[in-house]
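Chemist: predicted model, plus sequence, below.
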Number of protein chains: 2
Amino acid sequence: MGSISTTTVPTNAELMEALAAVGAAYFQDFAAAAARHGLSSSQAKALGSVQEPVPMRALAGRLGCDASNVTGIVDRLETLGLANREAAAGDRRVKIVVITAEGREILNRIRGEMARTHQAFEAMTDEQRIALHSICRQVLPVLAGRTVAPQ
Amino acid sequence: MGSISTTTVPTNAELMEALAAVGAAYFQDFAAAAARHGLSSSQAKALGSVQEPVPMRALAGRLGCDASNVTGIVDRLETLGLANREAAAGDRRVKIVVITAEGREILNRIRGEMARTHQAFEAMTDEQRIALHSICRQVLPVLAGRTVAPQ
DNA sequence: GTCAAAGCTTGAGTTACTGAAGCACTCGGC
DNA sequence: GCCGAGTGCTTCAGTAACTCAAGCTTTGAC
């Protein structure tokens, strides 16, 4: 490892402040891009969570909200033609949310139109990209509550 | 800086996926801690945005939502005794939101209780902390739309 | 003084979200 | 085969978040 040079190690509070600011800005970029396509941020977030088919219950887990809430969100996605409910083979209680081709296209378009996020990426060096990616992957299991079993 | 070793540079899509996952997990940790103190995530986010006094209009800008929305959020914070509206000297149209001592205490308590976030910080080396902090500070102006005029 | 514009609130209407029932289905045991 | 506990989804209140369109007060320029 190289020199830490003159830079001092940031405190937890400083890191938290910086992370929160970046997170909020990223989210606003996301919400704005989604709104341009007539989607609320909840709907767009749900769409991004069903790139592979997911049961309603599991989707609620991913979104961190109550299952009854997901009913309404998926209702609206279905009305818009962006996702469908399919019966699960083997358990007729379960309904599986499946993204449609149109849903996938809109999702890609939204991600492509997050201009500020892309600008931010372009402002980073290769070393920074590698560092950020590796930090994210290392930290995610802890942050998401899967303290053990790192695949 | 040292060697990039075998690690390859992540694509924009990979970075975006990783960032989104970390952002979502961070937000859930935040929302859960706020809920333990009877605050919604919007209320807690607003509370964190008024550490210094802020006019209603500017607060709407920080939260990325309509000004009329802020009226309701601040109403509830005021009912809870966590913030107050004060008249601005010099312009009687403006109302300035000021956090109370109790508000500040609850905010600190929420931040202190974000257990998973703190765990994630503790799992990082000093080099990683420095790198993350520096990347965040560098990227924030771009991501927040202040492309020119740093600080 | 007048008038456009800015800052905040109110009102109507939709979405997001929670908690408590409720219905349909599964699976274990008897 | 049937009964009962448990699971998955929906429905139904009820509240909060959010937007848009008016509305009111104040400001500042002319």
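Modeler: Cool, got the structure.
Chemist: enumerate the residues of chain A near DNA strand C.
Modeler: Near DNA strand C, the residues belonging to chain A are A:40, A:42-43, A:63-66, A:68-69, A:72-73, A:76, A:90-93 when assessed by Cβ under 7 Å from any atom of the strand. (C-beta placed from N, C-alpha, C; glycine too.)
Chemist: what about DNA strand D: which of the residues you listed touch it?
Modeler: Checking the residues of chain A next to DNA strand C against DNA strand D (Cβ under 7 Å from any atom of the strand), the matches are A:68, A:91, A:93.
Chemist: which ones among those map onto helices?
Modeler: Within these, residues falling in helices by DSSP state H are A:Ser68.
Chemist: out of the ones next to DNA strand D among the residues of chain A next to DNA strand C, the closest to B:Leu132 would be?
Modeler: A:Ser68 (37.2 Å; Cβ to Cβ).
Chemist: got a list of what the closest one touches?
Modeler: Contacts for A:Ser68 (Cβ atoms under 8 Å, 6 or more residues apart in numbering or on different chains) come out as none.
Chemist: relative to B:Ser41, how far out is it?
Modeler: 19 Å (Cβ to Cβ, to the nearest Å).
Chemist: likewise A:Gly145?
Modeler: 17 Å.
Chemist: more neighbours, the two?
Modeler: Using other Cβ atoms under 10 Å in any protein chain shown as the criterion, A:Gly145 and B:Ser41 rank with B:Ser41 on top: 15 against 12.
Chemist: surely that one and B:Asp29 touch.
Modeler: No. Taking contacts as Cβ atoms under 8 Å, B:Ser41 lies outside contact range of B:Asp29: 10.7 Å.
Chemist: how far does the host helix or strand of A:Ile110 sit from the chain's center?
Modeler: Element membership of A:Ile110 [criterion: DSSP states H and E] is helix A:101-112. In terms of Cα atoms, centre = their mean, to the nearest Å, the centre of helix A:101-112 is found 14 Å from the chain centre.
Chemist: quick one: list the elements packing against it.
Modeler: Contacting helix A:101-112 under the criterion 3 or more Cβ pairs under 8 Å, 6 or more residues apart in numbering or on different chains; DSSP states H and E are the following elements: helix A:12-36, helix A:41-48.
Chemist: same thing but 6 Å
Modeler: Using 3 or more Cβ pairs under 6 Å, 6 or more residues apart in numbering or on different chains; DSSP states H and E as the contact test, no helix or strand touches helix A:101-112.
Chemist: so for it, mean pLDDT?
Modeler: In this model, helix A:101-112 has an average pLDDT of 96.
Chemist: in the helix or strand just after that helix, what counts as buried?
Modeler: Using DSSP H and E, the helix or strand that directly follows helix A:101-112 along the chain is helix A:115-122. Residues of helix A:115-122 classed as buried: A:116-118, A:120-121 (neighbour count, 16 or more other Cβ atoms under 10 Å in any protein chain shown).
Chemist: now the helix or strand just after helix A:115-122, how far from the centre of its chain.
Modeler: Next along the chain after helix A:115-122, taking DSSP H and E as the criterion, comes helix A:126-143. Distance of helix A:126-143 from the chain centroid (Cα atoms, centre = their mean) equals 15 Å.
Chemist: got the CA coordinates for helix A:126-143 in PDB?
Modeler: Output of helix A:126-143 as PDB, limited to C-alpha atoms (Å, rounded to 0.1, in the frame of the first residue of the first chain):
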ATOM      1  CA  ASP A 126     -10.000   3.900 -13.500                       C
ATOM      2  CA  GLU A 127      -8.400   3.500 -10.100                       C
ATOM      3  CA  GLN A 128     -11.300   5.300  -8.500                       C
ATOM      4  CA  ARG A 129     -13.800   3.100 -10.300                       C
ATOM      5  CA  ILE A 130     -12.100   0.000  -9.200                       C
ATOM      6  CA  ALA A 131     -11.800   1.200  -5.600                       C
ATOM      7  CA  LEU A 132     -15.500   2.300  -5.500                       C
ATOM      8  CA  HIS A 133     -16.700  -0.900  -7.000                       C
ATOM      9  CA  SER A 134     -14.700  -3.100  -4.700                       C
ATOM     10  CA  ILE A 135     -15.700  -1.100  -1.600                       C
ATOM     11  CA  CYS A 136     -19.400  -1.400  -2.600                       C
ATOM     12  CA  ARG A 137     -19.100  -5.200  -3.100                       C
ATOM     13  CA  GLN A 138     -17.300  -5.600   0.100                       C
ATOM     14  CA  VAL A 139     -19.600  -3.500   2.200                       C
ATOM     15  CA  LEU A 140     -22.900  -4.600   0.700                       C
ATOM     16  CA  PRO A 141     -23.400  -7.900   2.600                       C
ATOM     17  CA  VAL A 142     -22.800  -6.100   6.000                       C
ATOM     18  CA  LEU A 143     -25.000  -3.200   5.100                       C
END
